[in-house]
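Asker: Provide a 3D model corresponding to the input given below.
(one chain, ligands or ions: 1)
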Amino acid sequence: MSLPPLVEPAAELTVEEVRRYSRHIIIPDVGMVGQKRLKNAKVLCVGAGGLGSPTLMYLAAAGVGTLGIVEFDTVDESNLQRQIIHGQSDIGRSKAQSAADSVREINPLVNINIHETRLDNSNVMELFSQYDLIVDGTDNFATRYMVNDACVLLNKPYIWGSIYRFDGQASVFWSEYGPCYRCLYPEPPPPGMVPSCAEGGVLGVLCASIGSIQVNEAIKVLTGIGEPLVGSLMVYDALEMTYRKIKVRKDPNCAICSDHPTVTGLIDYEYFCGSVSEEAKDAIVDSTISVRQLEDMLQARDRGETDFLLVDVREPNEFDIVRIPGSVLIPKNEFLMGNALEGMPQDKPIVLHCKVGGRSAEVLAVVKGAGFSDAVHVGGGVLAWVSQIEPDKPTY
Ligand SMILES: [Zn+2]
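Answerer: Purely as a prediction, here's the structure:
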């Protein structure tokens, strides 16, 4: 799908700019007008890490007039294997400052806005509203859903990329013309299911492969040339050396970009993504069962062969939407306040579950800490139960 240019052209290019960008200007599809659009463009890059490095460097070199950098981290030695915007002498420095220095060295004509802050609900809308387009180089799900929702609410194009080991994905989410990130991934993966690059590793050069696609798409959207990855997911396999383009449709039931959204403002993304504490991570080791195991246990319980207490730790309204048969509702807070522990049985094991596994992991840590050492929780929660055991039941 070709789209109109996002940005109006700047009034003029200086002689210096014409000299610098001549290899762009002589491409008929770009031309003087396309370069003037880039000059007028304001692009915000979320993160100056693996994807942010090549993204910022090529956007700067291309002559994007204003570049924003949101980053609060400092440069670590282990970053240098892939985050090529930083160098040896930058170790320990602010990544935002280090990235800005590199951008200035590549192209002093670029205006740089440094936002040395952690992007969160309190600043994301105000920050995004200052830019035409958002390029996302973050690697955590809570931030991704927040970036997506802010972009949908502000109607900004969102250039997304993700990398892991030898695999990369990229797309352009723009709810005015196509699907958003939630249309593709309505629910975050269960906590701990998808390891980060820090946990699982990443081939350094993969950042360049995916970052360059993001820049490519940003330039197309800004100048209105070609067909951007709106409604398409690019899947790259560095080992097979294949690029596959997969169609992504707008989800008519999307929580935020459909005609009847259930999400109409920013939400608690840490909670939504079930980010869990260190205690919970420790508690679930060797104490996590699958929904299939739970199904077997429930059948054995029905036959009178075993007994256990299945506790749903979600909220009552969630329990009303969908529940696992034979569960009892005791919301997480009842455990955190301590008053639910008195009612726990001493003579049979406790099985905990929630929506995706984050809250039940937290409760598991509390319950085990209170001496119920044989307690377990259900990985993937009620959503995994519905998708694998009772697919006709509703999800949310
Ligand atoms: Zn959507």
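
Asker: Which stretches in the stretch 51-200 of the chain count as helices?
Answerer: Remark: helices assigned in the stretch 51-200 of the chain by DSSP state H, counting those that start in this stretch are 52-62, 95-106, 124-128, 141-154, 181-184, 197-200.

Asker: The stretch 201-350 of the chain now?
Answerer: Along the stretch 201-350 of the chain, counting by DSSP H, counting those that start in this stretch, helices occupy 206-223, 269-272, 278-284, 291-302, 316-321, 332-336.

Asker: Now tabulate the ones you listed in a markdown table and tack on distance to Ala48.
Answerer: For the C-beta atoms, the positions are set from N, CA and C on the backbone; glycine is no exception. Formatted as a markdown table, the helices of the stretch 201-350 of the chain follow (distance: least, Cβ to Cβ, whole Å):
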| stretch | distance to Ala48 |
| --- | --- |
| helix 206-223 | 11 |
| helix 269-272 | 21 |
| helix 278-284 | 27 |
| helix 291-302 | 40 |
| helix 316-321 | 38 |
| helix 332-336 | 36 |
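
Asker: for those helices, which one sits closest to the ion?
Answerer: Shortest distance between the ion and those, using Cβ to the ion, is found for helix 269-272: 14.7 Å.

Asker: Would you indicate which residues of that closest one are buried?
Answerer: Tyr269, Glu270, Phe272 (16 or more other Cβ atoms under 10 Å).

Asker: To what extent is the residue lying closest to Gly52 once chain neighbours are set aside buried, counted in neighbours?
Answerer: Closest residue to Gly52 in three dimensions, ignoring its sequence neighbours and counting by Cβ to Cβ, 6 or more residues apart in numbering: Gly137, at 3.7 Å. Summarising burial for Gly137: neighbours were counted as other Cβ atoms under 10 Å, giving 28.

Asker: Quick check: Gly137 touching Ile163?
Answerer: No - taking contact to mean Cβ atoms under 8 Å, the distance of 9.4 Å between Gly137 and Ile163 leaves them out of contact.

Asker: Overlap of the contact sets of the two?
Answerer: Where contact means Cβ atoms under 8 Å, 6 or more residues apart in numbering, the residues bridging Gly137 and Ile163 through contact with each are Gly50, Leu51.

Asker: one step back: mind checking how far the residue nearest to Gly52 is from the ion?
Answerer: Remark: distance between Gly137 and the ion (Cβ to the ion, to the nearest Å) = 21 Å.

Asker: Tell me which of the helices of the stretch 51-200 of the chain sits most buried.
Answerer: helix 52-62 (a mean of 25; mean count of other Cβ atoms under 10 Å).

Asker: tilt between that helix and helix 206-223?
Answerer: For helix 52-62 against helix 206-223, the angle between stretch directions is 40 degrees (axes from the mean of the first three to the mean of the last three Cα atoms, to 10 degrees).

Asker: I'd like to know which residues of the stretch 151-300 of the chain are adjacent to the ion.
Answerer: Listed as neighbours of the ion in the stretch 151-300 of the chain under the rule Cβ under 5 Å from the ion: Cys180, Arg182, Cys183, Cys254, Cys257.

Asker: got the contact list for the closest residue in space to the fourth one that isn't next to it in sequence?
Answerer: If I follow you right, that is Cys254. Leaving aside its chain neighbours, Cys254 sits nearest to Cys183 (4.8 Å; criterion: Cβ to Cβ, 6+ apart). For Cys183, the set of contacting residues under the criterion of Cβ under 8 Å, 6+ apart consists of Phe173, Val248, Arg249, Lys250, Asp251, Cys254, Cys257.

Asker: Over to Val172?
Answerer: The contact partners of Val172, taken as Cβ under 8 Å, 6+ apart, are Pro157, Tyr158, Ile159, Trp160, Gly178, Glu217, Val221, Pro228, Leu229, Val230, Ser232.

Asker: Need the contact partners of stretch 324-334.
Answerer: For stretch 324-334, contacts defined as Cβ under 8 Å, 6+ apart pick out 294, 298, 301, 309-316, 319, 323, 340, 343, 353-354, 359, 362-363, 382, 385.

Asker: chain center to that stretch: distance?
Answerer: Here the centre of stretch 324-334 is set off from its chain's centre by 29 Å, with Cα atoms, centre = their mean, to the nearest Å.

Asker: would you put the C-alpha positions of that stretch in CSV?
Answerer: Once non-C-alpha atoms are left out, stretch 324-334 reads as follows in CSV (Å, rounded to 0.1, in the frame of the first residue of the first chain):
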residue,chain,number,x,y,z
ILE,A,324,-11.0,-22.8,35.0
PRO,A,325,-13.7,-25.3,36.2
GLY,A,326,-13.2,-26.3,39.8
SER,A,327,-11.2,-23.2,40.8
VAL,A,328,-12.0,-20.9,43.7
LEU,A,329,-11.4,-17.1,43.5
ILE,A,330,-9.0,-15.5,46.1
PRO,A,331,-7.5,-12.3,44.6
LYS,A,332,-3.8,-11.8,44.9
ASN,A,333,-4.1,-9.0,47.4
GLU,A,334,-5.7,-11.3,49.9
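
Asker: Give the rounded mean pLDDT of that stretch.
Answerer: For stretch 324-334, mean pLDDT rounds to 94.

Asker: And for stretch 14-25?
Answerer: Confidence over stretch 14-25 (mean pLDDT, whole number) is 98.

Asker: In it, which residues are buried?
Answerer: Neighbour counts using 16+ other Cβ under 10 Å place Glu17, Arg20, Tyr21, His24, Ile25 of stretch 14-25 among the buried residues.
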